[in-house]
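Peer 1: Take this sequence and fold it.
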Amino acid sequence: MGVTEPDSPETTSAENGPPVSEGRQLFMGGLLFEAMLALAAIAWAAWRGLSLLRDIGWSVDALGMSILATLPLIAALLLMVRVEAPWMQEIEEHVRSFLAPLLRYGGLPGMALLAIAAGVGEELLFRGVLQAELAMLWEPWSALVVASIVFGLCHWITPAYAIIATIMGAYLGGLYWYTGGLLVPVLVHTLYDFVAFVYFAKTQPSAQ
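Peer 2: Numbering: from 1, shown residues only. Presented below is the predicted three-dimensional model:
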């Protein structure tokens with residue numbers, strides 16, 4: 001192990017990885033952001049009279065469907081990471097740079113909590129409110145397309161990432177449309193994010 005200063009818990013050596021304080025900031029910032037999305041969605045639904053919270057109801061069938069519906073997304077992830085292309089390498093660099101300090105601070109429980117927060121907050125807003133609102137004005141497929149594009153644009157880390165997020169948004173929006181509720185898309189979003197977080201964290205290259 002490298003030599004560290006015991007009186008400086010907020011810092012680490014290059015060997016040990018990124019500062020714990022950076023992970024804390026990312027973790028708390030991420031939770032706060034997703035909580036704000038959820039609150040915005042709830043406020044919007046209350047203002048517009050949307051049945052947002054009534055859409056979430058637990059069932060064993062929904063859990064099973066969610067697990068099955070997550071498998072194609074995981075398969076797509078495993079295929080994409082095998083693509084040796086600059087756009088994929090850029091995405092991986094961004095994801096790993098985010099996860100490195102987060103893993104050091106919160107570990108797997110922290111990533112699970114962030115995945116849950118993202119699944120709930122983003123699905124409430126983009127599917128439960130935006131797509132539902134647009135579906136009252138247009139045809140359901142039009143609402144699905146527009147909500148998915150907005151979802152992708154809001155995930156503009158790189159152009160390729162935004163395109164992938166748009167496709168995933170369409171997939172989640174399709175589940176929302178098919179099931180008529182938020183439970184399945186929330187669970188699928190949460191499960192996928194957690195698996196992706198764990199995969200990239202566990203395959204993080206060791207610091208030299």
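Peer 1: residues in contact with Val184?
Peer 2: Val184 makes contact with 62, 65-66, 69, 175-176 under the criterion C-beta atoms under 8 Å, 6 or more residues apart in numbering. Yep, even glycine has a C-beta here, placed from its N, CA and C like the rest.
Peer 1: What of Leu114?
Peer 2: Going by C-beta under 8 Å, 6+ apart, the list of residues near Leu114 reads 27, 30-31, 34, 102, 106, 193, 197.
Peer 1: which of the residues in whatever helix or strand Ala132 lives in are buried?
Peer 2: Element membership for Ala132, per DSSP states H and E: helix 132-135. Buried residues in helix 132-135, counted by 16 or more other C-beta atoms under 10 Å: 132, 134-135.
Peer 1: Which strands or helices does whatever helix or strand comes next after it pack on?
Peer 2: Using DSSP H and E, the helix or strand that follows helix 132-135 in sequence is helix 140-153. When contacts are defined as 3 or more C-beta pairs under 8 Å, 6 or more residues apart in numbering; DSSP states H and E, helix 140-153 sits against helix 132-135, helix 159-179.
Peer 1: the inter-axis angle of the longest helix anywhere in the chain versus helix 159-179?
Peer 2: For the chain, the helix that runs over the most residues, judged by DSSP state H, is helix 86-123. Angle of helix 86-123 versus helix 159-179, following axes from the mean of the first three to the mean of the last three C-alpha atoms, to 10 degrees, is 40 degrees.
Peer 1: Now helix 86-123: average pLDDT?
Peer 2: What helix 86-123 shows for mean pLDDT is 85.
Peer 1: Quick check: which of the helices and strands packed on helix 140-153 is nearest to Met111?
Peer 2: For the helices and strands packed on helix 140-153, the distance to Met111 is smallest for helix 159-179, at 18.1 Å, taking C-beta to C-beta.
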